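A.B. asks: Below: sequence and its predicted model.
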Amino acid sequence: MDSIDDAGALKTGGDAASKARKRPTARARTLGEVLVDRLADEPDAVDDVWSELTQARCEVSSPMADVILRACATSRGGGLPAALQILRDGSRLGMLSQQSRASAVCTLFGLCGREDWDVDVVIDELTDEDREMPEVMAALGSVFCSGTRSPF
């Protein structure tokens with residue numbers, strides 16, 4: 001609504017409207033993000049959550065992949081075999097972009113310090129595209145340099 005200020009100049013409502021447009025708005029959470037949130041309280045529900053994600057063909061972002069794979073590392077989460085199957089399925093179904101897949105591979109390397117997680121099995125899953133990602137190669141290098149394994 002237009003008004004007159006103390007100096008007699010016409011003020012238009014446009015200033016308030018432009019301020020409202022410039023105000024950041026919260027992004028609506030995706031269905032996939034909402035489904036993955038369940039794993040914070042119920043990490044053992046990873047199979048159910050993954051099934052729902054694949055049925056809906058939800059895109060899996062890097063943070064989502066991290067939560068999902070960490071849930072696999074819980075006592076009843078299925079371990080490395082389940083995590084690798086999720087990586088394979090997500091890639092095959094186009095649910096993981098190359099960037100998200102690279103992040104997921106890095107998460108897997110980070111989890112390889114667990115006694116039942118074998119780094120060689122994760123290395124066998126690497127694709128040529130994975131090997132072109134600097135973060136994947138850095139994560140692989142850190143596994144060897146951290147004393148977890150030695151190439152010698």
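C.D. replies: Structure's in. What do you need? Just so it is clear, the structure is predicted and the values come from calculations on it, not from any experiment.
A.B. asks: where do the helices sit along the chain?
C.D. replies: Ranges of helices within the chain are 14-22, 31-41, 46-56, 62-72, 79-92, 98-111, 119-124, 128-131, 134-145, based on DSSP state H.
A.B. asks: In a markdown table, list those helices along with mean pLDDT and mean neighbour count.
C.D. replies: Where you see a C-beta, it was placed from the backbone N, CA and C, and this is true even at glycine. Output for these, formatted as a markdown table (pLDDT from 0 to 100; neighbours: other CB atoms under 10 Å):
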| stretch | mean pLDDT | mean neighbour count |
| --- | --- | --- |
| helix 14-22 | 63 | 9 |
| helix 31-41 | 95 | 16 |
| helix 46-56 | 97 | 17 |
| helix 62-72 | 96 | 22 |
| helix 79-92 | 95 | 18 |
| helix 98-111 | 94 | 21 |
| helix 119-124 | 91 | 15 |
| helix 128-131 | 94 | 13 |
| helix 134-145 | 87 | 15 |
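A.B. asks: distance between stretch 96-109 and the chain's centre?
C.D. replies: 8 Å (CA atoms, centre = their mean, to the nearest Å).
A.B. asks: Identify the residues contacting it?
C.D. replies: By CB atoms under 8 Å, 6 or more residues apart in numbering, the list of residues contacting stretch 96-109 from outside reads 59-62, 64-66, 69-70, 80, 83-84, 87, 90-91, 117, 119, 122, 125-126, 129-130, 133, 135-136, 139-140, 142-143.
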